[in-house]
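Visitor: Fold the following for me, if possible:
(one chain, ligands or ions: 1)
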Amino acid sequence: MSSVRNLEIAVSAAGKAPAQPGRPKLTGRNVNVFYGDKQAIKDVNVDIPERSVMAFIGPSGCGKSTFLRCFNRMNDTIPICRVTGDIRIDTQDINDKALDVVQLRARVGMVFQKPNPFPKSIYENVAYGPRIHGLVRTRLGLDQVVETSLKKAGLWNEVKDRLNDSGTGLSGGQQQRLCIARAIAVSPEVILMDEPCSALDPIATARIEELIDELKQNFTIVIVTHSMQQAARVSERTAFFHLGVLVEEGATDQIFTNPRDKRTRDYITGRFG
Ligand SMILES: Nc1ncnc2c1ncn2[C@@H]1O[C@H](COP(=O)(O)OP(=O)(O)OP(=O)(O)O)[C@@H](O)[C@H]1O
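Guide: Take a look at the predicted model:
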């Protein structure tokens, strides 16, 4: 990366208010993740403050997505994957065998790299979660949740006259906002975002970034991104991973302007990765 680009990242990050971490919403202590014999996450400790945005950055394959998936037990869906350590939402042990994973995933929603609306109407995409979780029992209540969720996701004005059209017929950026509305509809506390803009053009990306900025008033957001500019723009805190290790975590402006670790400095100045 050129020094000019790096300077742009630093300037963008330095313009943010200094981030004093709030009360931790998510915590990980001595977290290790294995795929068979291969260790993907090595003894990671982190506190993720509530109602803020934390970005996970680092070179491809360093374990960002693997670690993100620990917070809603999505790694359970990979048979060879094994997670150890203590991972909590508030004081609740996420890996507690007695914990209802469906309920956990309502509390900790997820938005994926590729928008993945159900092949159903726009309305049904948003209404499905509240209905199966029994959050709303009347049609009027459901209408209200659909409208509120689409408004919070910044999509209402674009779709309000065609709620019965298929969600898959929307543009990529609209589909991603529909997926965010779907996540919001079950009133989560946390939204995990795994490279949510990587399939989007710059305008759709800017729209999602604005949305993230609004959503952090109410939700704790963790975003995996390959774009350091994006991390600098949207996050209060940034965690840099390398080879499965959380090398450095701190206020985003500190990570981009004054990293403590040489590996972080090398990555953000484009010397590797
Ligand atoms: N389902 C899987 N089975 C086996 N190994 C896996 C699986 N998923 C990830 N890995 C391995 O775990 C390591 C971390 O992968 P992960 O996808 O978490 O990294 P990442 O930092 O998110 O990468 P990227 O930025 O390329 O998405 C890699 O070595 C990867 O090959």
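Visitor: quick one: the helices in the stretch 151-273 of the chain?
Guide: 156-159, 172-184, 202-215, 228-234, 252-257, 262-268 (DSSP state H, counting those that start in this stretch).
Visitor: and the longest one with helix 172-184, angle?
Guide: Interaxial angle, helix 202-215 versus helix 172-184 (axes from the mean of the first three to the mean of the last three C-alpha atoms, to 10 degrees): 20 degrees.
Visitor: So which bits of helix 202-215 are buried?
Guide: Going by neighbour count (16 or more other C-beta atoms under 10 Å), the buried part of helix 202-215 is Ala204, Thr205, Arg207, Ile208, Glu209, Leu211, Ile212, Leu215. To be clear about C-beta, it is placed using only N, CA and C from the backbone, and glycine gets the same treatment.
Visitor: residue contacts, the residue lying closest to the second one once chain neighbours are set aside?
Guide: Right, Thr205. Closest residue in space to Thr205, ignoring its immediate chain neighbours: Cys197 at 4.2 Å, by C-beta to C-beta, 6 or more residues apart in numbering. Applying C-beta atoms under 8 Å, 6 or more residues apart in numbering to Cys197 gives the contacts Gln176, Ala204, Thr205, Ile208, Glu209, Thr225, Ser227, Gln230.
Visitor: still on that earlier bit, and the helices of the stretch 151-273 of the chain as CSV, adding mean pLDDT?
Guide: Formatted as CSV, those follow (pLDDT from 0 to 100):
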stretch, mean pLDDT
helix 156-159, 96
helix 172-184, 94
helix 202-215, 91
helix 228-234, 96
helix 252-257, 96
helix 262-268, 95
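Visitor: Which one of those lies nearest to Gln103?
Guide: Proximity to Gln103 (C-beta to C-beta) singles out helix 172-184 among the helices of the stretch 151-273 of the chain, at 14.7 Å.
Visitor: Residues contacting the closest one, please?
Guide: Counting by C-beta under 8 Å, 6+ apart, 109-112, 115-117, 122, 125-126, 128-129, 149-150, 152-155, 158-159, 167-168, 170, 191, 196-197, 199-201, 203-205, 207-208, 211, 215, 219 sit against helix 172-184.
Visitor: Filter those residues down to the buried ones.
Guide: The buried subset of the contacts of helix 172-184 - by 16+ other C-beta under 10 Å - is 109-112, 115, 117, 122, 125-126, 129, 149-150, 152-155, 158-159, 167, 170, 191, 196-197, 199-200, 204-205, 207-208, 211, 215, 219.
Visitor: For stretch 85-100, measure first residue to last.
Guide: The first and final residues of stretch 85-100 sit 19 Å from each other (C-alpha to C-alpha, to the nearest Å).
Visitor: list the buried ones in that stretch?
Guide: Buried residues in stretch 85-100 (16+ other C-beta under 10 Å): Gly85, Ile87, Arg88, Ile89, Ile94, Asn95.
Visitor: just stretch 32-45 next, same as before
Guide: So stretch 32-45, judged by 16+ other C-beta under 10 Å, has buried residues Val33, Phe34, Ala40, Ile41, Lys42, Val44.
Visitor: Skipping adjacent residues, who's closest to the fourth one in space?
Guide: The reference is to Ile41. Val33 (3.8 Å).
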